[in-house]
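S.K.: got a sequence here, can you model it:
(one chain, ligands or ions: 2)
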Amino acid sequence: MEKKAIHFGGGNIGRGFVAEFLHTAGFEVVFVDVMDSIINALQDTKSYQVTEVSDEGESTKTITNYRAINSKTHESDVIQEIATASVVTCAVGPNILKFIAPVIAKGIDARTDATPLAVIACENAIGATDTLHQFIKDNTAQDRIGSMPDRARFANSAIDRIVPGQAPDSGLNVRIEKFYEWAVESTPFGEFGHPEIPAIHWVGNLEPYIERKLFTVNTGHATVAYHGYHAGKKTIAEALQDSRIRNIVRDVLQETASLIIDKHEISAAEQQEYVETIITRISNPYLEDTVERVGRAPIRKVSRKERFIGPAAQLAERGGKFESLMGSLEMALRFQNVEGDEESVELAKILKENAPADAAIRLTGLDRDHPLFPHVVKVVDGVQSDAKEAGQPHI
Ligand SMILES: NC(=O)C1=CN([C@@H]2O[C@H](COP(=O)(O)OP(=O)(O)OC[C@H]3O[C@@H](n4cnc5c(N)ncnc54)[C@H](O)[C@@H]3O)[C@@H](O)[C@H]2O)C=CC1
Ligand SMILES: O=P(O)(O)OC[C@H]1O[C@](O)(CO)[C@@H](O)[C@@H]1O
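M.R.: Residues are numbered from 1 along each chain as shown. Ligands and ions are numbered 1, 2, ... in the order given. Alright, predicted model coming up:
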């Protein structure tokens, strides 16, 4: 089998993280995307550059040995590539997984190689590969599902690297932070063993890694974004220069730290060191990361397993503190009608058209009898009342 990886999503994480490390591991990378401008640029070039920026200066790597296919117009080519590859990755956004599943299902079904394909979804979400796997099964003939493990193995991952929006004239080049972490489950590969990708930290149990990452990096980052947006800050680094916001993010990360220490047997000292690393990372002024990018897709971010409700629900179940997380939730719910962000428009509509408890259920997926539920309803009610006072009618 060729050392070939098919990667869905030629965006920031796709080019700046996944493809970089697949390339370093010796894979030819075939990008699959639906955006003509990205596909054309990848097809018209032989290389692009990934530049790590930090206070130690800049360091640039050149990425080569790639091709690109538009799955909108060349689906059969994508199927053929998947049938003859050893790895499929994606970084398209958790809401897009259902759209890429049908073509992956066809590619897997067409495989004849003795070694199963390794499928690894690289999204900011708990169990993203499991979600993709289910969509792939939904797109596979019933009588082929039982034998699918002979053709493909599915491993969840936790992926961490800040890749901000890129300057309009940067083309395919990507400026990113130096830090990265890519943890992937090793057990699904069984007797075949995992693919050789040195950047990956292979783990038996991913839950501590993904929860620690999502509930520290992403909870903290999104908290700064939403509070910063409402304070009129332009970038995350600028928001963190405000001592009020810095204190808020520390309070929030103290709440999530108590869950992580309690649940995953990570020591308080280790978690504290991790928190400090994260605050330093997100304060990186060289990244010029906007509050709108980090706050993007607020409906996804206030959902059940995500960065605010996920830890707050578990803390409520354990009798822990979650007030500061509710403050982040409130600011996330106030992230409405932001230019270029469809979910922020939809969020405003949901809050306008639903009674507090209904909006809380629809947005967070919490059960009415969950101990966190009344607290969330109170936050929703407050946001709705303020909108009403400001002259925006709602139920
Ligand atoms: N940017 C970051 O710092 C990080 C992002 N992530 C995660 O990585 C994922 C991607 O994020 P970004 O790269 O920042 O977003 P992005 O918007 O830069 O890239 C997404 C890419 O997916 C493509 N795409 C959309 N629909 C598609 C389809 N049906 N088939 C193939 N490609 C399709 C888009 O055209 C775009 O090129 C998200 O899940 C995000 O949460 C994870 C860690 C860090
Ligand atoms: O689509 P999302 O969840 O905002 O993903 C991007 C996020 O991932 C991170 O880069 C961390 O890995 C965040 O800093 C960033 O906001």
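
S.K.: list the contacts of the nearest residue to Thr45 once chain neighbours are set aside.
M.R.: Counting by Cβ to Cβ, 6 or more residues apart in numbering, the nearest residue to Thr45 once its immediate chain neighbours are dropped is Leu172, at 6.3 Å. Quick note: C-beta positions are derived from backbone N, CA and C, even for glycine. By Cβ atoms under 8 Å, 6 or more residues apart in numbering, the residues touching Leu172 are 15, 38, 41-42, 45, 48.

S.K.: are any of the residues you listed buried, and which?
M.R.: 15, 38, 42, 48 (16 or more other Cβ atoms under 10 Å).

S.K.: before we move on, the earlier item: surely the residue nearest to Thr45 is in a helix?
M.R.: No - per DSSP: H, G, I helix; E, B strand; the rest coil, Leu172 lies outside any helix segment and is coil.

S.K.: assign the nearest residue to Ala25 once chain neighbours are set aside to helix, strand or coil.
M.R.: Closest residue in space to Ala25, ignoring its immediate chain neighbours: Ile197 at 4.4 Å, by Cβ to Cβ, 6+ apart. Of the three states, Ile197 takes coil according to three-state DSSP.

S.K.: ok, Ile197 - contacts?
M.R.: 21-22, 25, 27, 87.

S.K.: now, which of these lie within strands?
M.R.: Applying DSSP state E to these, the entries found in strands are Val87.

S.K.: need the contacts of Ile197 in CSV (columns: distance to Ala268 and neighbour count).
M.R.: CSV is the format used below for these (distance: Cβ to Cβ, whole Å; neighbours: other Cβ atoms under 10 Å):
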residue, distance to Ala268, neighbour count
Phe21, 32, 20
Leu22, 36, 25
Ala25, 36, 17
Phe27, 40, 25
Val87, 38, 22
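
S.K.: tell me which element the spatially most central residue of the chain falls in.
M.R.: What sits nearest the mean C-alpha location of the chain, by Cα atoms, centre = their mean, is Asn124, with 1.8 Å. Asn124 belongs to no helix or strand when assigned by DSSP states H and E.

S.K.: who are the neighbours in contact with it?
M.R.: Taking Cβ under 8 Å, 6+ apart as the test, what Asn124 contacts is 94, 159, 214, 218.

S.K.: repeat for Ile361
M.R.: Counted by Cβ under 8 Å, 6+ apart, Ile361 has contacts Arg368.

S.K.: cool, and Ser328?
M.R.: 219, 222-223, 226-227, 248, 252, 308.

S.K.: how about 6 Å then?
M.R.: 223, 252, 308 (Cβ atoms under 6 Å, 6 or more residues apart in numbering).

S.K.: what does the protein put close to ligand 1?
M.R.: 8-14, 32-35, 38, 71, 91-94, 96, 99-100, 123-124, 159, 161-163 (Cβ under 6 Å from any ligand atom).

S.K.: those in strands, which ones?
M.R.: 8, 32-33, 159.

S.K.: now, among those, which is nearest to ligand 2?
M.R.: Nearest to ligand 2 among these is Ile159, at 6.5 Å by Cβ to the nearest ligand atom.

S.K.: measure that closest one to Val338 for me?
M.R.: For Ile159, the distance to Val338 equals 25 Å [Cβ to Cβ, to the nearest Å].

S.K.: these two: which is more packed in?
M.R.: Using other Cβ atoms under 10 Å, the more surrounded residue of Ile159 and Val338 is Ile159, with 24 against 18.

S.K.: give the buried residues for stretch 292-312.
M.R.: Buried residues in stretch 292-312 (16+ other Cβ under 10 Å): 292-299, 301-303, 306-312.

S.K.: oh, that last question was meant for stretch 222-237, not what I typed.
M.R.: 222-229, 233, 235-237.

S.K.: before we move on, what about stretch 51-67?
M.R.: 52-54, 63, 66.

S.K.: rewinding a little: in JSON lines: the contacts of Ser328, plus distance to Tyr286, secondary structure and pLDDT.
M.R.: As requested, those are exported to JSON lines (distance: Cβ to Cβ, whole Å; DSSP: H, G, I helix; E, B strand; the rest coil; pLDDT from 0 to 100):
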{"residue": "Thr223", "distance to Tyr286": "21", "secondary structure": "helix", "pLDDT": "98"}
{"residue": "Val252", "distance to Tyr286": "24", "secondary structure": "helix", "pLDDT": "98"}
{"residue": "Phe308", "distance to Tyr286": "28", "secondary structure": "coil", "pLDDT": "98"}
